[in-house]
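[1] When you get a sec, could you give me coordinates for this:
(one chain, ligands or ions: 2)
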Amino acid sequence: ISARSAPLRGQQVLTADGTPVSVLANIALAVEAQGVFAQGADGIGLFRTEMLFCERSQAPDEEEQYQAYSEVLRCAAGKKITIRTLDIGGDKPCDFLDLPKEENPFLGYRAVRMYAQFHDIFTTQARALLRASVAGPLNIMVPMVATLAEIQWLHSQFHQIADTLQQEDIPVGEWHLGIMVEVPSTLYLLEKAAKYLDFVSIGSNDLAQYFFACDRGNPYVRHLYDYRNPTFLALMRDITQRAQAAGLAISLCGEMAADKQMLPLLMGMGLTQLSMAAGTIASCKETLMSLNIQQCQQLLETAIFSESSEDVSAHVEQFMRVQM
Ligand code: PEP
Ligand code: MG
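    Ligands and ions are numbered 1, 2, ... in the order given. Take a look at the predicted model:
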């Protein structure tokens, strides 16, 4: 098998100096699962479940969700799958929930912050996920976490729900609990969180929004929303290093992962699990195979010491010309 054909065969690629990298897919519907494996995905790093809940008058019941999650796990045939619990509020509305009108929805009532109030919806999804794990190992990921108290609550909830299923003689397979790192406070609780979690995934879309304090959809502040900014790269590097030091598996599932210019910087950070839109997987794999990690680490240092995003881009472009 030639290395060149690897991207489309769904095989994990190696960088030029032999570091394995997993390139995973982001999906929003269970029916997409089959297709992403045909496009070379090594797994699914983010299944956004909001679509299952959107534009309908009632939340999907446990059985409907169980079928959808099981279908994805069956398609994966043992490959890594991460399903994210409901991320509504902020920019993601929901027809059947009577949500408050807020001045600052992105800083407001969103995702994990609603789970205690809408406990039935949370529990139903958790039960469906835990039951689906019988079809293959499942990573369950929770969005918008900001505090250790939320992590402790989630940990105890998932364990209680798993225990209840066991008492009902309903089988549960292998599952792991993780969170999105998309609120900057999480950087400083990774060590403590490692007691309760197995993995984290950087959601660079929201992380950039909350780090730079600018609404990700607001055109007036778009210039501030920039993941190439040296300060943001330093933040990402610190998150990755601290997660790894704490023994937490780490991946990236924001749009940044699909930006080819970012790949050498991400490799320099040690981020070797990237999740992106399926259409970009094959070409990202091609680029990854040409990269040398040690050189990427040097490039990252240079980028972090740069004074602007433009300088970062210029350094990366020059680096890519030499590498490719
Ligand atoms: C993110 O915030 O980077 C992310 C992947 O989640 P979403 O875009 O769905 O908020
Ligand atoms: Mg997000």
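
[2] residue ranges for the helices of this structure, please.
    Chain-ordered helices for the chain, with DSSP state H as the definition, fall at 33-38, 50-53, 62-76, 119-132, 148-167, 190-193, 204-211, 230-245, 263-269, 281-289, 293-305, 309-323.

[3] a markdown table for these, including mean pLDDT, mean neighbour count and distance to ligand 2?
    (C-beta placed from N, C-alpha, C; glycine too.) Supplementary listing: the helices of the chain in a markdown table, determined by pLDDT from 0 to 100; neighbours: other Cβ atoms under 10 Å; distance: least, Cβ to the ion, whole Å:
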| stretch | mean pLDDT | mean neighbour count | distance to ligand 2 |
| --- | --- | --- | --- |
| helix 33-38 | 94 | 16 | 20 |
| helix 50-53 | 94 | 18 | 11 |
| helix 62-76 | 97 | 19 | 20 |
| helix 119-132 | 98 | 20 | 17 |
| helix 148-167 | 98 | 16 | 15 |
| helix 190-193 | 98 | 18 | 18 |
| helix 204-211 | 97 | 22 | 4 |
| helix 230-245 | 98 | 19 | 15 |
| helix 263-269 | 98 | 25 | 18 |
| helix 281-289 | 96 | 19 | 20 |
| helix 293-305 | 98 | 18 | 24 |
| helix 309-323 | 95 | 15 | 21 |
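
[4] Please tabulate these in JSON lines, including the columns distance to residue 12.
    Listed next are these as JSON lines, based on distance: least, Cβ to Cβ, whole Å:
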{"stretch": "helix 33-38", "distance to residue 12": "13"}
{"stretch": "helix 50-53", "distance to residue 12": "28"}
{"stretch": "helix 62-76", "distance to residue 12": "14"}
{"stretch": "helix 119-132", "distance to residue 12": "24"}
{"stretch": "helix 148-167", "distance to residue 12": "29"}
{"stretch": "helix 190-193", "distance to residue 12": "25"}
{"stretch": "helix 204-211", "distance to residue 12": "22"}
{"stretch": "helix 230-245", "distance to residue 12": "19"}
{"stretch": "helix 263-269", "distance to residue 12": "14"}
{"stretch": "helix 281-289", "distance to residue 12": "9"}
{"stretch": "helix 293-305", "distance to residue 12": "15"}
{"stretch": "helix 309-323", "distance to residue 12": "20"}
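
[5] Identify whichever of those lies nearest to ligand 1.
    Of all the helices of the chain, helix 204-211 sits nearest to ligand 1, with 3.1 Å by Cβ to the nearest ligand atom.

[6] what about the closest one and ligand 1, any contact?
    Yes - using Cβ under 6 Å from any ligand atom, helix 204-211 reaches ligand 1 at 204-206.

[7] Surely residue 40 is in contact with residue 285?
    Yes - Residue 40 lies in contact with residue 285 (Cβ atoms under 8 Å); the separation is 6.5 Å.

[8] Contact partners for residue 110?
    Shown in contact with residue 110 (Cβ atoms under 8 Å, 6 or more residues apart in numbering): 87-90, 144.

[9] Quick one, which of those has the minimum pLDDT?
    Taking those together, the minimum pLDDT is found at residue 90 (72).

[10] State the number of residues packed around it.
    The local packing of residue 90 (other Cβ atoms under 10 Å) involves 22 other residues.

[11] list the contacts for it?
    Residues in contact with residue 90 (Cβ under 8 Å, 6+ apart) are 105-106, 108, 110-111, 144.

[12] Can you say which of those are buried?
    105-106, 110-111, 144 (16 or more other Cβ atoms under 10 Å).

[13] Return the member of the residues you listed nearest to residue 75.
    The closest of those to residue 75 turns out to be residue 111 (Cβ to Cβ; 25.9 Å).

[14] My guess is that closest one contacts residue 88. True?
    Yes - counting by Cβ under 8 Å, residue 88 is a contact partner of residue 111 at 6.8 Å.

[15] I'd like to know which residues of this protein are adjacent to ligand 1.
    If contact is defined as Cβ under 6 Å from any ligand atom, the residues of the chain in contact with ligand 1 are 46, 48, 87, 182, 203-206, 253-254.

[16] how does it look with 8 Å?
    Taking Cβ under 8 Å from any ligand atom as the measure of proximity, the chain contacts ligand 1 at 26, 46, 48, 50, 84, 87, 90-92, 143, 180, 182, 201-207, 209, 253-256.

[17] which residues touch the residue positioned nearest the centre of the chain?
    Within the chain, one residue has its C-alpha closest to the average C-alpha position: by Cα atoms, centre = their mean, that is residue 253, at 3.5 Å. With contacts defined as Cβ under 8 Å, 6+ apart, the neighbours of residue 253 are 24, 26, 45-46, 82, 180, 201-203, 274-276.

[18] at 6 Å instead, please
    With contacts defined as Cβ atoms under 6 Å, 6 or more residues apart in numbering, the neighbours of residue 253 are 45-46, 201, 275.
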